[in-house]
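Asks: this one's structure only:
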């Protein structure tokens, strides 16, 4: 038995109005997903323009290199000290009932997860 | 260091490794941070913090994902944390409008000629919600697979796809032939 093909216009309508329904449909119909992939693809010029707009200039990169490589150990130590200071302040805030404890800088980042 | 490959954890982790991390990953990290935060100054801070965290955590990197995905995941977490802090302490809401100013002075001429296109592009990007913008950049600029994006952002795979399709459609509609 061959499944009836959903027209692209219908897929786009689901995309706009009912993405959950579309997601369920695409999970079972990879050919429709491929069609939607094609019909929503950005022109290369637009993709390049996005990349170009977001890419840092060489001077920004140079400044970043200077910030980090002059003395990375000191920079890292300062970062840890800032984290500890933040932790201390949050602890004091919690102990003494402050309404708005400082946001965590590292505990919720999961940066060692993979 | 191959930025996209799954690699064994390097040892020892010295300053030269930090330099290598910077060379391989500073640009994608900056682009991701800028797309999340819309603020070039904060994006630089995110790069710095991400590089330090990656450098410090590299010895524990198990190679279960690509190094690039791992670093970008750290960057996303750092950027989201910065965004949360900014929401708690709001500053200038117009910073996104001036985002083009992060570019080098040598690019000024190109900026002026391309200003209309860049402004339209930023307006269109800014109209997307933060998560859709992130998915779009990870896919269209950094060329991550759907599976990598889903893992990185802890999202179901179908959600990543529909977010991307919607973001592309919205962007395409807004930009038309602008760029």
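Replies: Great, that's in hand. Keep in mind that what you see is a predicted model, and the values were worked out from it rather than measured.
Asks: Without its sequence neighbours, what residue ends up closest to the spatially most central residue of chain B?
Replies: Nearest to the mean C-alpha position of chain B, by Cα atoms, centre = their mean, lies residue B:32 at 0.5 Å. Residue nearest to residue B:32 in three dimensions, not counting chain neighbours: residue B:75, with 5.3 Å by Cβ to Cβ, 6 or more residues apart in numbering or on different chains. Heads up, the C-betas are built off the backbone N, CA and C, glycines and all.
Asks: okay but the one you found is in contact with residue B:31, surely?
Replies: No. Contact criterion Cβ atoms under 8 Å: residue B:75 and residue B:31 do not qualify, at 9.5 Å.
Asks: Have a look at those two and say which one is more surrounded.
Replies: Neighbours per residue (other Cβ atoms under 10 Å in any protein chain shown) separate residue B:75 from residue B:31, with residue B:75 holding more: 29 against 24.
Asks: how about that one, what does it touch?
Replies: B:28, B:29, B:32, B:33, B:46, B:47, B:50 (Cβ atoms under 8 Å, 6 or more residues apart in numbering or on different chains).
Asks: Let me know the pLDDT of the second one.
Replies: Read it as residue B:29. pLDDT recorded at residue B:29 is 97.
Asks: can you tell me which of the contacts of residue B:75 lies nearest to residue B:136?
Replies: Within the contacts of residue B:75, the smallest distance to residue B:136 is 11.0 Å, found for residue B:32 (Cβ to Cβ).
Asks: picking that back up, mind giving me the packing neighbours of whatever helix or strand the residue nearest to the centre of chain B lives in?
Replies: In the assignment (DSSP states H and E), residue B:32 maps to helix B:15-37. Judged by 3 or more Cβ pairs under 8 Å, 6 or more residues apart in numbering or on different chains; DSSP states H and E, the packing partners of helix B:15-37 are helix A:44-54, helix A:58-69, helix A:72-95, helix B:40-57, helix B:67-88, helix B:130-140.
Asks: Buried residues of that helix, list them for me.
Replies: Buried residues in helix B:15-37, counted by 16 or more other Cβ atoms under 10 Å in any protein chain shown: B:17-19, B:21-22, B:24-37.
Asks: cool, stretch A:49-57 as well?
Replies: Result for stretch A:49-57 [16+ other Cβ under 10 Å]: buried residues A:49, A:50, A:51, A:52, A:53, A:54, A:55, A:56.
Asks: near chain B too, which of those?
Replies: A:49, A:50, A:51, A:53, A:54, A:55, A:56 (Cβ under 8 Å from any Cβ of the partner chain).
Asks: what's the burial count for residue B:140?
Replies: For residue B:140, using other Cβ under 10 Å, the count is 20.
Asks: Identify the residues contacting stretch B:134-145?
Replies: Residues contacting stretch B:134-145 (Cβ under 8 Å, 6+ apart): A:42, A:47, A:50-51, A:54, B:28, B:31-32, B:35-36, B:68-69, B:72, B:76, B:125, B:128, B:146, B:148-149, B:152-153, B:160, B:163-164, B:167-168, B:171.
Asks: what does stretch A:17-32 give?
Replies: For stretch A:17-32, using Cβ under 8 Å, 6+ apart, the contacting residues are A:3, A:5-6, A:11, A:14-15, A:33, A:36, B:156, B:158-159, B:161-162, B:166.
Asks: Greatest separation within those residues: which pair is it?
Replies: A:5 and B:156 (25.1 Å).
Asks: Surely residue B:82 touches residue B:46?
Replies: Yes. Using Cβ under 8 Å, residue B:82 is in contact with residue B:46, at 6.0 Å.
Asks: So for these two, which residues contact both of them?
Replies: Common neighbours of residue B:82 and residue B:46 (Cβ under 8 Å, 6+ apart) are B:33, B:37.
Asks: which of those two has more neighbours?
Replies: Neighbours were counted for residue B:82 and for residue B:46 using other Cβ under 10 Å; residue B:46 has more, 28 against 21.
Asks: residue contacts, residue 16?
Replies: The chain I'm using is chain A. Residue A:16 neighbours (Cβ under 8 Å, 6+ apart): B:166, B:169.
Asks: could you say which helix or strand contains it?
Replies: Counting by DSSP H and E, residue A:16 is part of helix A:8-17.
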